[in-house]
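J.: need a structure here:
(chains A and B)
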2 protein chains.
Amino acid sequence: MIINNAKKILIVGLGLLGGSYAMALKKKGYTVTAIDVNPQSIDYALTNQLIDSGATTADPKLIADADIIVFALYPHTFTRWVKDHGHLIQPGTVVTDVTGVKSCIVYEVQDLLPEGVEFIAAHPMAGRELSGVENSDDSIFRGANYIVVPTDKNTFSAIELCKSLGQELGFKDVSLLPPEKHDEMIGFLSQLTHCIAVSLMCASDDPNLEKYTGDSFRDLTRIANINDEMWSELFLANRDCLLSQMDRYRNAFDRLYNCVKNADREEMRSMMRFSSERRRNFNKKA
Amino acid sequence: MIINNAKKILIVGLGLLGGSYAMALKKKGYTVTAIDVNPQSIDYALTNQLIDSGATTADPKLIADADIIVFALYPHTFTRWVKDHGHLIQPGTVVTDVTGVKSCIVYEVQDLLPEGVEFIAAHPMAGRELSGVENSDDSIFRGANYIVVPTDKNTFSAIELCKSLGQELGFKDVSLLPPEKHDEMIGFLSQLTHCIAVSLMCASDDPNLEKYTGDSFRDLTRIANINDEMWSELFLANRDCLLSQMDRYRNAFDRLYNCVKNADREEMRSMMRFSSERRRNFNKKA
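T.: Residues are numbered from 1 along each chain as shown, chains lettered A, B, ... in the order given. Presented below is the predicted three-dimensional model:
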């Protein structure tokens, strides 16, 4: 399937996600091009046939030729790029992204782009503990969620095109959320969980723990191995949401703390039963 | 291998762990007997050849015949049982257990047992999110830690016998810790992690979360599906240790909270780098 006759897709930013997009889309028969400041990333992608052509600067021809442009950059680099080179994007081009925070990005980018260029935001909820185009792997999209994040400025056809892109990439569920709801949800499910994992890992430097650790501790700290440059930017870009989710979680933790302190076994068991029942709904559906 | 000529092993309490012990030991050629108040558990174990014989009461003959007795009961049931029936245990018998907390149990049980009966505590760090003898599975011991928890009262030979038992069961690492160190370590690695998972699961009842959840949230809450009867007892039995580990973790969480609040990106990144580096040491060794 070729989405709405779009044949040429330009990816700006060839990291793990950009590279995995390229891999998936090339397999589907699209012409995929890429721009990345790092010549080694472009070389790698060309050598491994992830892209058809690429450039290390904002090449006007690559930009003008694209039917769809996907930005796979950190938030501040994304807005910077649009400010510097957005005028090169031709009317009729649809622009989307992979950014993990939305409110602080979407409205600004929609305002910055030239007349006739539509930005429809999306968040592919997939990743690995590794980074860089060399670790590209389109299997990370399988079974994962893809969220389209429209504003009032978006057209029905661009929303549909973005949903089709999620399906083409191989995501299991494609859904819609407004930017504010997206940020609230991601603040809880993704950013808060990373805060917890990092805090737990930082809570003790006892070197003996490694010897006795079991699966519980390993599971809770898998994501404590974290890209500090990216995540610190994402945390601060979603600061208010994240703080309120951290407050919400700390209240629950303090409730349990007080149960232990006051030996209130009934209240403790009632939290555990609530938690057990609710957790069962989160098991992965086949 | 038959441990120190011990041939008959009695398991008191046929739940998931007791049943999995029986399964592993029968395969190794031991005569395995069991006592459990629930006739269905004994029936199941007999029908499925997990045990050679069993009883639903403290059968004096089964108790007297055993070379080793393994208690796989909740802490308060364990001490209760020893108070009521401990006098039936013959001198020369070695007694061990699977209890997840130690200081509050070990000294008391050692004092309660008759002269000539030695109690050497152990903690098999293995389990499942399921309970009951029907879910017995001796593969849970593979790759897992087995901790022998001796006091000054224990003899070299009983400690060695208990270590051999851990090896016979199929544990990967068998190590030694004093009761207080054990409880501190388990308070951090196991009890605190369960507190975190339960708190996170209780922090929001938004039914939409399930639709958008990713692997991070699933990993952090796997153990939020918890046996409330057992864990509330374990938490309270290790209360002081657990509270101090919860404090320690909350300090780290608050540090990160303040980084977000004050937009202190450098300190945030330094926590993330510490966390990432330390987490790499916790990967499972093949």
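J.: average model confidence for stretch A:170-179?
T.: Across stretch A:170-179, the average pLDDT comes to 95.
J.: now for it, what's the gap between its first and last residues?
T.: Taking CA to CA, to the nearest Å, stretch A:170-179 runs 23 Å from one end to the other.
J.: Mind checking what secondary structure the residue nearest the centre of chain A has?
T.: In chain A, the centroid-proximal residue (CA atoms, centre = their mean) is A:Gly100; its distance is 4.0 Å. Judged by DSSP: H, G, I helix; E, B strand; the rest coil, the three-state class of A:Gly100 is coil.
J.: Which residues are in contact with it?
T.: By CB atoms under 8 Å, 6 or more residues apart in numbering or on different chains, the residues touching A:Gly100 are A:His123, A:Ile186, A:Ser190, A:Leu234. To be clear about C-beta, it is placed using only N, CA and C from the backbone, and glycine gets the same treatment.
J.: Return the member of those residues nearest to chain B.
T.: Nearest to chain B among the contacts of A:Gly100: A:Ser190, at 5.8 Å, using CB to the nearest CB.
J.: Would you agree the closest one is in contact with B:Phe217?
T.: Yes. Counting by CB atoms under 8 Å, A:Ser190 does reach B:Phe217; the two are 7.3 Å apart.
J.: Those two - which one has more neighbours?
T.: A:Ser190 (27 against 21; other CB atoms under 10 Å in any protein chain shown).
J.: The more buried one and A:Gly132, how far apart?
T.: According to CB to CB, to the nearest Å, A:Ser190 stands 21 Å off from A:Gly132.
J.: Number of residues surrounding the spatially closest residue to A:Arg269 that is not a sequence neighbour?
T.: Leaving aside its sequence neighbours, A:Arg269 sits nearest to B:Asp228 (CB to CB, 6 or more residues apart in numbering or on different chains; 4.2 Å). By other CB under 10 Å, 18 other residues sit near B:Asp228.
J.: Let me see the domain layout of chain A.
T.: A:3-177, A:182-280 (automatic domain parsing).
J.: Please state the offset of the last one from the chain centre?
T.: Put plainly, it is domain A:182-280. On the basis of CA atoms, centre = their mean, to the nearest Å, domain A:182-280 sits 20 Å off its chain's mean C-alpha point.
J.: Equivalent analysis for stretch A:144-154, please.
T.: 12 Å.
J.: before we move on, what about stretch A:167-185?
T.: In terms of CA atoms, centre = their mean, the gap separating the centre of stretch A:167-185 from the centre of its chain is 10 Å.
J.: next one: stretch A:270-281
T.: Its chain's average C-alpha position is 28 Å from that of stretch A:270-281, according to CA atoms, centre = their mean.
J.: Report the buried residues of it.
T.: A:Met271, A:Met272, A:Phe274, A:Ser275, A:Ser276, A:Arg278, A:Arg279 (16 or more other CB atoms under 10 Å in any protein chain shown).
J.: Isn't the residue nearest to A:Arg269 up against A:Met272?
T.: Yes. At 3.7 Å, B:Asp228 counts as touching A:Met272 under the criterion of CB under 8 Å.
J.: so what secondary structure elements neighbour the single longest helix found in chain A?
T.: Ranked by number of residues, the top helix in chain A under DSSP state H is helix A:239-261. Where contact means 3 or more CB pairs under 8 Å, 6 or more residues apart in numbering or on different chains; DSSP states H and E, helix A:239-261 is packed against helix A:179-186, helix A:193-202, helix A:265-280, helix B:193-202, helix B:239-261.
J.: Measure how the one helix or strand A:Glu229 maps to sits relative to helix B:239-261, angle-wise.
T.: Per DSSP states H and E, A:Glu229 falls inside helix A:228-237. On the basis of axes from the mean of the first three to the mean of the last three CA atoms, to 10 degrees, helix A:228-237 is oriented at 80 degrees to helix B:239-261.
J.: Count the neighbours of A:Gly132 for me.
T.: Neighbour count for A:Gly132, taken as other CB under 10 Å: 14.
J.: Counting neighbours, what do you get for the residue lying closest to A:Cys195 once chain neighbours are set aside?
T.: Of all residues not flanking A:Cys195 in the chain, B:Leu256 sits nearest, at 5.5 Å (CB to CB, 6+ apart). By the measure other CB under 10 Å, the count of residues near B:Leu256 is 23.
J.: same deal with the one 5 residues further on?
T.: When neighbours are counted by other CB under 10 Å, B:Lys261 registers 13.
J.: Skipping adjacent residues, who's closest to it in space?
T.: A:Leu243 (6.1 Å).
J.: just A:Asn5 next, same as before
T.: A:Asp67 (7.7 Å).
J.: Quick check, the one you found in contact with A:Lys7.
T.: Yes. In this structure, A:Asp67 is within contact of A:Lys7 by CB under 8 Å, at 6.1 Å.
J.: So those two - more neighbours on which side?
T.: A:Asp67 (20 against 13).
J.: by contact count, what packs against the lowest-mean-pLDDT helix or strand in chain A?
T.: Ranked by mean pLDDT, DSSP states H and E, the weakest helix or strand in chain A is helix A:209-212, scoring a mean of 85. Other helices and strands packing on helix A:209-212, by 3+ CB pairs under 8 Å, 6+ apart, are strand B:145-149, strand B:173-176, helix B:179-186.
J.: dump the residue contacts of the closest residue to chain B within the stretch 1-150 of chain A.
T.: Across the stretch 1-150 of chain A, the shortest distance to chain B (CB to the nearest CB) belongs to A:Met125, at 4.8 Å. The contact partners of A:Met125, by CB under 8 Å, 6+ apart, come to A:Ala144, A:Asn145, A:Tyr146, A:Ile147, A:Ser190, B:Tyr212, B:Gly214.
J.: same check, this time on A:Thr93
T.: Residues in contact with A:Thr93 (CB under 8 Å, 6+ apart) are A:Ala66, A:Asp67, A:Ile68, A:Ile69, A:Val117, A:Glu118.
J.: can we see that at 10 Å?
T.: Residues near A:Thr93 by CB atoms under 10 Å, 6 or more residues apart in numbering or on different chains: A:6, A:8, A:10, A:63-69, A:113-114, A:116-119.
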